[in-house]
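Visitor: Here is my input, please return the structure:
(one chain, ligands or ions: 1)
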Amino acid sequence: MDTSTSALTISLLCLGALFFSLWKSRRQRTSRTLLPPGPKGLPWVGNVLDIDASQPWVTYEEWGKRYGDLTYSRVLGKEYIIVNSEKVAHELLDQRSSIYSDRPRVPSVDLLGLGFTTPTLPYGEEWRRHRKALHLVLNKKESLKYGTMHLQRAHGLLANLLATPQNYEDHFAMFSVALIMELAYGYSVTSEKDPFMANIVQLLSLVVEVATPERSALLGAFPFLAHIPSWMPGGFWKKRANDCRQLVRKVLDDPVQYVRDSMVAGTAKKSMVRDIFQGKEEDLDLGLDKERVTKEVAASVFMAGSETTTSAMLVFLLAMVLQPDVQRKAQEEIDRVVGTDRLPDFGDRPNLPYVEAVLLETIRWIPVSALGFPHTTTADDTYNGMYIPKGVIIIPNVWAMTQDPVRYPEPKVFNPDRYGGKLEDVTLSPAFGFGRRVCPGNHLAEQSLWAVIVSMLATMQIGKATDPSGVEIEVTPKLKSGGAIRPETFPCSIKARSAKAEHLIRASTI
Ligand code: HEM
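Guide: Purely as a prediction, here's the structure:
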């Protein structure tokens, strides 16, 4: 090639590149005009001042009414699309799951040393390994094998409620954590001072304290906050994060060592960790990563499963305080089907449709993961002519979906009769998420909630607390958010329904 031909080739290539980049930026600008509608925000901070930080799901629900099923917003430099319709969430997150299954990076999670947890992992090989291990031990058939464990733990809860009903929040939390300890490691927690349990409870409360949405957003916008020394004002992060990282190591290692030791001694009970260790290599395909992945998924189920379960139990209790008629109707059904000489078990479940409807309504009325878990797109997309950019954070507003007045008339009322004879499968509720990221603990969660609900209804009378002069204290539901949303503490009365019920509780926990 002579000099003049090379010069011409180079010029043409440069020209081509220039045209391509002009075309691309024009196309991007055109696409941006097609973003879903949403509230206008201020420069850079975006819509931060438009959102009610104490209950963002309500703000997003209102935006949904104003702008439609998809709402675009910008907060502190990050782009969000809020999905307010269950149908649209299925169309995007389920049917196009190959590009809607990533998670946004949350700086506070990495800072706390929690980047290994399944819910926070990016969509990729490592996440697939986790899901394979979780599926092996939490699929529907395997989950059903834990029925006796759920009931025994539920009976223990009844005994605790009988002894100190005013501490109902602590008892619910102890139930959830102890249940997951038993499921994950085959380890029976008998007291709140148990060392494994104490570590996990401390870790969970640190996570809730440090990883609240507001703090995470702040750290996302101002990453330098993570580097302020712990003794300086604003160095809060560093101090708490150091504590957290040390605890994480203990929570990962100590209980798994317990399972290893009990397997050697031949005393290991059925558990997730034991079953993964004994799982066939061809089913798991974990190779040398088996030990590490097993530790990580076992710790992940605590992060994802305990607070959500506790919050759902609080929602049920609140509903029973507010709706004595529902309680009466469920108790009549249990008395008719089960009688009063024994406690209900899973064999009774198909014959207790009203109790099933109470469970469904508990999940719907106040969905504890009101904003689901955020997903992120890994490619540009369009939906009904709207542009959905690569990397945008997708928030499924489960709250708006379960409060849809067309599907659920008078959505604010806790009304199990709304399902009529058509009981939906609890695990298909939007409350358990969407697509490839759907909650892998959904079968287990619905079983533990059923065990708690049916056992409490069979034996306890739940109602309003009374003041010293015997007047009932009215309860106005208020919600607070942490990892999951839950009702704020409310006064209530929890007593045995009868002397016979009290005897059944005591006999079941000997
Ligand atoms: C009432 C109880 C529960 C509710 C409402 C709930 C809800 C959810 C939701 C909404 C997600 C996110 C789904 C998505 O990204 O679209 C999720 C993820 C997850 N849940 Fe649950 N959950 C509950 C209990 C449990 C339990 C008991 C376990 C374990 C035994 C568990 C383990 C997980 C895990 C590991 C993930 C992460 C999945 C992933 O990112 O691939 N959850 N859950």
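
Visitor: what does the stretch 151-300 of the chain put close to the ligand?
Guide: Ser300 (Cβ under 6 Å from any ligand atom). Glycine gets a C-beta too; all of them are placed from N, C-alpha and C.

Visitor: buried stuff in stretch 189-206?
Guide: By neighbour count on 16 or more other Cβ atoms under 10 Å, the buried set for stretch 189-206 is Val189, Asp194, Phe196, Met197, Asn199, Ile200, Val201, Leu203, Leu204, Leu206.

Visitor: is it fair to say the last one lies in a helix?
Guide: Okay, so that is Leu206. Yes. Using DSSP: H, G, I helix; E, B strand; the rest coil, the assignment for Leu206 is a helix.

Visitor: which residues touch it?
Guide: Leu112, Arg240, Asp243, Cys244, Leu247 (Cβ atoms under 8 Å, 6 or more residues apart in numbering).

Visitor: JSON lines for those residues, including distance to Leu314, neighbour count and secondary structure?
Guide: Listed next are the contacts of Leu206 as JSON lines, based on distance: Cβ to Cβ, whole Å; neighbours: other Cβ atoms under 10 Å; DSSP: H, G, I helix; E, B strand; the rest coil:
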{"residue": "Leu112", "distance to Leu314": "25", "neighbour count": "24", "secondary structure": "coil"}
{"residue": "Arg240", "distance to Leu314": "25", "neighbour count": "20", "secondary structure": "helix"}
{"residue": "Asp243", "distance to Leu314": "27", "neighbour count": "16", "secondary structure": "helix"}
{"residue": "Cys244", "distance to Leu314": "25", "neighbour count": "21", "secondary structure": "helix"}
{"residue": "Leu247", "distance to Leu314": "25", "neighbour count": "19", "secondary structure": "helix"}
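
Visitor: Can you tell me which of the residues you listed is nearest the ligand?
Guide: Leu112 (16.8 Å; Cβ to the nearest ligand atom).

Visitor: Mind picking the two most distant members of the contacts of Leu206?
Guide: Arg240 and Leu247 (10.6 Å; Cβ to Cβ).

Visitor: Quick one: the strands in the stretch 51-200 of the chain, in order.
Guide: 70-75, 78-83 (DSSP state E, counting those that start in this stretch).

Visitor: The first one vs strand 78-83, what angle?
Guide: Relative orientation of strand 70-75 with respect to strand 78-83: 160 degrees, computed using axes from the mean of the first three to the mean of the last three Cα atoms, to 10 degrees.

Visitor: Give me the distance from strand 70-75 to the chain's centre.
Guide: Offset of strand 70-75 from its chain centre (Cα atoms, centre = their mean, to the nearest Å): 22 Å.

Visitor: Just the residues contacting it, thanks.
Guide: Contacts for strand 70-75 (Cβ under 8 Å, 6+ apart): 35-39, 41, 45-48, 50-51, 60, 63-64, 79-84, 88, 217, 383, 386, 388.

Visitor: mind running it again at 6 Å?
Guide: Strand 70-75 has contacts (Cβ atoms under 6 Å, 6 or more residues apart in numbering) with Leu35, Pro36, Gly38, Gly41, Gly46, Asn47, Val48, Trp63, Tyr80, Ile81, Ile82.

Visitor: Can you list the buried residues in it?
Guide: Leu70, Thr71, Tyr72, Ser73, Arg74, Val75.

Visitor: Max pairwise distance over those: which two?
Guide: Leu70 and Val75 (16.3 Å).

Visitor: Please dump the strands of the stretch 51-200 of the chain into CSV; it should also carry distance to Pro468 for every row.
Guide: Shown next, in CSV, are those (distance: least, Cβ to Cβ, whole Å):
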stretch, distance to Pro468
strand 70-75, 47
strand 78-83, 47
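
Visitor: Of the ones you listed, which is nearest the ligand?
Guide: strand 78-83 (10.7 Å).

Visitor: any idea which of the buried residues of strand 70-75 is least confident?
Guide: Across the set of these, Val75 stands lowest in pLDDT, at 88.

Visitor: Nearest residue to Ile276 in space, please, no chain neighbours.
Guide: Thr294 (4.7 Å; Cβ to Cβ, 6 or more residues apart in numbering).

Visitor: Now do the SS call for Arg245.
Guide: helix.

Visitor: quick one: pLDDT of it?
Guide: For Arg245, the model assigns a pLDDT of 87.

Visitor: average model confidence for the top helix by length along the chain?
Guide: Criterion DSSP state H: the longest helix present in the chain is helix 290-322. For helix 290-322, the mean pLDDT works out to 93.

Visitor: Run through the neighbouring helices and strands of that helix.
Guide: helix 125-138, helix 168-185, helix 236-265, helix 272-278, helix 442-459, strand 485-487 (3 or more Cβ pairs under 6 Å, 6 or more residues apart in numbering; DSSP states H and E).

Visitor: near the ligand at all, the shortest one?
Guide: No. Where contact is defined by Cβ under 6 Å from any ligand atom, no part of strand 485-487 touches the ligand; the two come within 10.2 Å at best.
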